[in-house]
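please find the sequence and the predicted model below.
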Amino acid sequence: MKKTIINLTPSQNSLQGQFSNGDDPLVMCDATNGDFSITMPDAPSTDDSTFRFVKKDDSLNTVTLVAKSGQKIMNEDSQILTEEADELVLNSDGIGWW
């Protein structure tokens, strides 16, 4: 599996086109300039990837991971990274994210 590093910010917050199915992306989230959301890819289409999200700044801003419509992230519609070094590792079960 290919390791990929993706840097996201409030102005560049899309995963689309930044990885291939089977990659293991490390998503470095910098919320220094404001809160932002990241929409997760389609779970059934990315069941060969492991995503690791890390909030890399110490601001009070948050990074919200949002599930696509009809899908869940750990049985919730979203998950939030709030503190510096908060980390969430997610794998698709073919239906949602765990």
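Cool, got the structure. Residues are numbered from 1 along each chain as shown.

next, count neighbours for Leu26.
By the criterion of other C-beta atoms under 10 Å, Leu26 has 17 neighbours. Using the backbone N, CA and C atoms, a C-beta is placed for each residue, glycine as well.

does it count as helix, strand or coil?
strand (DSSP: H, G, I helix; E, B strand; the rest coil).

contacting residues around it?
By C-beta atoms under 8 Å, 6 or more residues apart in numbering, the contact set of Leu26 is 3-6, 52, 54.

go again using 10 Å as the cut-off
With contacts defined as C-beta atoms under 10 Å, 6 or more residues apart in numbering, Leu26 is in contact with 3-7, 50-54, 87, 89.

same question, Ser11
If you count contacts by C-beta under 10 Å, 6+ apart, Ser11 has them with 33-34, 36.

just among the residues you listed, which is most surrounded?
In terms of neighbours by other C-beta under 10 Å, the contacts of Ser11 top out with Phe36 at 18 neighbours.

quick check: bridge partners of the residue nearest to Lys56 when sequence neighbours are not counted?
For Lys56, the nearest residue in space outside its immediate sequence neighbours is Met28; the separation is 5.1 Å by C-beta to C-beta, 6 or more residues apart in numbering. Beta-bridge partners for Met28, by DSSP bridges, are Asn7, Val54.
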